[in-house]
Every structure is written in C-alpha cells, then in structure tokens.
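> Sequence first, predicted model second:
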Amino acid sequence: MSVPQPPEPIPGARLLFSLDPAVNHLNHGSFGAVPIGVQRAQQRLRDEMEANPLRFFTQGLTDRIAHTRRHLATFLGADPDGTALVGNTTTGVAVVLQSLGLRPGDEVLSTDHGYGAVSLAIGRECRRTGAESRVLPVPLAATDEEVIQTVRAALRPGRTRLLVVDQLTSATARLFPVAAIVGVAHEQGVPVLVDAAHVPGMLPTSVASVGADFWVGNLHKWAYAPRGTAVLVVAPQWRERIEPLVVSWEQETGFPARLEWQATLDYTSWLAAPAGLFTLRSLGVDRVRAHNAALAAYAQRVVGDALAVAPAHLPDPGGPEVAMRIIPLPRGLATTVEQGRALQRRIAERLAAEVAVMSWNGQGWLRLCGQVYNAPEEYERLAVRLPPLLAQR
Ligand SMILES: Cc1ncc(COP(=O)(O)O)c(C=O)c1O
C-alpha cells in the first residue's frame with residue numbers, strides 16, 4: 001500500500017478564516033468554520049436588518065429567500081422547486097418524520113452508522129405514533145454490493161414506511177452507495193430519506209440522480225455557509241404532504257415557502273450562504289476537494305502509524321473526495337459516547353487539538369478532517385503527542 005503524500009497547500013487559504021491560531025482545528029466536520037468574507041456578508045445583512053427591521057422582513061424577504069434557495073439547489077443538482085431551506089439537517093429529518101403519518105405496525109429502518117441525534121428523532125417519532133424503529137447492522141468493511149444486499153434483505157414491503165440512510169456517515173466516515181440503495185428500496189415500494197449532512201461542498205453531487213424521496217444536507221459544514229443553513233430536497237409526490245414543524249404565515253402558500261417561513265427568525269445565514277459558495281469557487285471547488293481528501297488520507301496514515309495501526313486496519317471511506325477519515329483507538333478507550341466525549345475534551349485541553357472521538361459498536365475511533373486551513377504538520381504534531389496521552393489512562 002503506498003504512503004499517501006500530503007497535498008500542496010492552497011496559498012493564503014488559512015487567512016480566510018478567523019480560527020484561533022493556538023489550536024489545531026482538525027474537526028471541520030462537526031460544526032464547520034465560516035470564512036471571514038462570509039461572516040462579513042452576514043454582518044452586512046444584519047446591519048441592513050437592524051437599520052429597518054420592518055422593511056427587511058416585509059419587503060422582499062421571501063423573494064430573497066427563494067432566490068437563495070434556487071442558487072443553492074442549482075449548486076447541488078437538486079430541483080429548485082423541490083428544495084426547501086431549513087435550519088439544519090436535524091430539522092429536515094424531523095420535518096420528514098412527523099409528516100409521514102406513522103401508525104402502529106409501521107416501521108422506520110435505519111443503519112447502525114446513523115447519526116445519534118437522527119436515531120433519537122426516529123425513536124421519539126416511533127414512540128409517539130406506536131411505530132417501530134429497527135436498526136440494521138452493517139459491517140464497517142462491507143463492500144457496496146454487500147451493503148445493498150443487506151438493505152434489500154432487511155426491507156419489509158408494506159411495513160417499512162421509511163428507510164433512513166446516510167450518504168456519508170458521521171461516526172464511521174463511510175460513503176454509502178445511496179443511489180443504488182434508493183433503487184432497491186423503491187423496487188419494494190419503500191421511501192428513502194438520505195441524510196447527506198456532510199455532502200454539500202465536500203462531494204460532487206447531483207441530488208436529482210440519487211433519486212431519494214427526501215435528501216437533506218448542511219451547507220454550514222463543507223460549503224462554508226453560516227451556521228443554520230441546510231436544504232431539504234423532496235420528491236414531487238411528497239411535496240404537498242410535507243408539513244413544517246411550526247405553522248406560520250406561509251402555511252397556505254404550500255411547499256417550500258411553508259417550510260421556510262418559520263416566523264420571526266434571523267434569516268441572514270441563508271441569505272449569506274451564496275457567499276460561502278463564492279469562497280469555495282474562488283479557491284477552486286475541485287482543488288479544495290482534492291486537497292482536503294488528500295490531507296485527510298495523510299492524517300489517517302500518520303496518526304494511524306503512531307498508534308501502531310496496520311494500514312490494512314485503517315478504514316477506507318470508499319470515495320476519492322472524502323475529507324474525513326477514522327482511525328481505531330487502542331482497545332478499551334472511548335467505548336461509550338460519554339467516554340468518547342471525555343477523551344475528546346482531554347485531547348482539546350492537553351494537546352490544543354480539536355478532533356472528534358467517536359464510539360461506534362463498542363470501539364473508540366478518532367475522526368480527523370482535512371480542510372484548506374490545515375497543514376500536514378498539525379497531524380504530525382498530533383501523531384507525536386497523542387500516544388503518550390492515551391497511555392495515561
Ligand atoms: C450524518 C449527520 N447527520 C446529521 C447531522 C446533524 O447536523 P446538524 O447538527 O447541522 O443538524 C450531522 C452532524 O454532524 C451528521 O454528521
């Protein structure tokens with residue numbers, strides 16, 4: 001197996017961010033980082049809002065939101081008429097779940113790679129409606145074909161009212177073959193919600209070609225948008241059945257305005273989101289993707305070597321653009337979510353490095369991301385300093 005080389009840095013990219021230079025920020029995936037230019041764009045919108053709140057909210061705001069929605073949808077290869085802006089992926093998932101009209105005897109099927117908060121939302125909606133939540137185990141090393149066959153075998157037509165599957169998983173940084181999974185689910189008449197929280201900006205995407213009933217993704221992670229910016233893309237047959245969490249003045253206008261207008265909120269994050277895409281395009285979308293993925297692969301190898309993990313045991317995300325990678329931690333570390341959080345905090349405090357520590361199926365994992373503001377030396381430093389810290393249990 002060849003040793004991945006660190007990529008050439010993108011000159012000046014670090015200066016676009018206001019990140020604390022005393023810290024190594026190696027976890028872009030959790031909450032993103034907003035470039036300074038995007039922060040300024042949002043601040044200008046807030047200044048406009050505060051100069052005349054009445055005019056800002058009542059003259060043209062819904063048109064500006066619609067314009068932004070079309071811009072973001074086009075970037076993602078989604079049908080602009082089937083796209084709604086929402087605050088985050090969690091909200092998009094909640095909107096879908098509560099619009100399904102689940103009943104006793106129904107089930108929602110998801111995988112054990114699903115995001116924790118999404119699993120909690122599925123659990124609550126199932127408890128509320130008397131439906132069942134079933135979690136399908138998918139081995140980390142399963143091939144795409146095995147994943148597809150596992151899902152196919154687990155579907156119960158007539159009973160499975162929704163399949164929830166991640167396009168790129170959070171805990172395991174694994175790409176799932178979502179278009180093929182949607183295909184097998186649809187063969188059996190099962191609707192699919194794709195959790196694509198990490199996809200916008202990171203992966204080249206044509207949402208339309210995934211073919212899901214529902215696709216939800218964050219712009220505030222890898223597309224440099226201000227936090228609070230996500231899209232929910234809905235297939236035509238569902239659009240009039242989708243209900244917002246909060247009923248407000250656009251309720252009678254129908255999809256997507258009824259989802260977007262959630263009463264008096266700060267909508268400036270949405271309006272500034274195109275500035276995030278502008279930053280991405282200015283740096284070069286393909287160049288950023290190639291850089292980030294190469295850096296994440298390098299990080300995985302450098303830190304994996306330091307933890308004495310054989311290259312064969314470093315999970316492959318399954319795609320060339322994936323900018324996050326996981327490394328198994330020594331046995332017994334971070335075997336629960338709470339222990340993972342405590343270790344993550346200890347690494348932040350003692351090593352001044354922000355990383356993600358995940359617990360998945362009783363095994364602790366370190367997740368590292370690559371971003372344009374990162375340099376290979378940051379991971380090399382972590383590789384030197386992490387083993388002694390882990391040894392002090
Ligand atoms: C796979 C996945 N789904 C959902 C979410 C939730 O995103 P948000 O907090 O923006 O709702 C995340 C966040 O990291 C995620 O990784």
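Ah, there it is. Just so you know, these numbers come straight off a predicted model, no measurement behind them.

> The spatially closest residue to I148 that is not a sequence neighbour: what secondary structure?
Of all residues not flanking I148 in the chain, A180 sits nearest, at 5.1 Å (C-beta to C-beta, 6 or more residues apart in numbering). Glycine gets a C-beta too; all of them are placed from N, C-alpha and C. With DSSP: H, G, I helix; E, B strand; the rest coil as the basis, the three-state label of A180 is helix.

> Quick check: A180 touching D144?
Yes - when contacts are counted by C-beta atoms under 8 Å, A180 is listed as touching D144 (7.1 Å).

> how many neighbours does the residue nearest to I148 have?
17 (other C-beta atoms under 10 Å).

> what's the pLDDT at it?
Model confidence at A180, given as pLDDT, is 98.

> residue contacts, P330?
307, 364, 390 (C-beta atoms under 8 Å, 6 or more residues apart in numbering).

> Most neighbours of all those residues, which one?
Busiest of the contacts of P330 [other C-beta under 10 Å] is G364, holding 22 neighbours.

> quick one: buried residues of stretch 29-48?
29, 32-35, 37-38, 41-42, 45-46 (16 or more other C-beta atoms under 10 Å).

> Take the residues you listed and write them to JSON lines, including distance to the ligand, pLDDT and secondary structure.
Shown next, in JSON lines, are the buried residues of stretch 29-48 (distance: C-beta to the nearest ligand atom, whole Å; pLDDT from 0 to 100; DSSP: H, G, I helix; E, B strand; the rest coil):
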{"residue": "G29", "distance to the ligand": "6", "pLDDT": "98", "secondary structure": "helix"}
{"residue": "G32", "distance to the ligand": "9", "pLDDT": "98", "secondary structure": "coil"}
{"residue": "A33", "distance to the ligand": "14", "pLDDT": "98", "secondary structure": "coil"}
{"residue": "V34", "distance to the ligand": "13", "pLDDT": "98", "secondary structure": "coil"}
{"residue": "P35", "distance to the ligand": "18", "pLDDT": "98", "secondary structure": "coil"}
{"residue": "G37", "distance to the ligand": "22", "pLDDT": "98", "secondary structure": "helix"}
{"residue": "V38", "distance to the ligand": "16", "pLDDT": "98", "secondary structure": "helix"}
{"residue": "A41", "distance to the ligand": "20", "pLDDT": "98", "secondary structure": "helix"}
{"residue": "Q42", "distance to the ligand": "17", "pLDDT": "99", "secondary structure": "helix"}
{"residue": "L45", "distance to the ligand": "21", "pLDDT": "98", "secondary structure": "helix"}
{"residue": "R46", "distance to the ligand": "21", "pLDDT": "98", "secondary structure": "helix"}
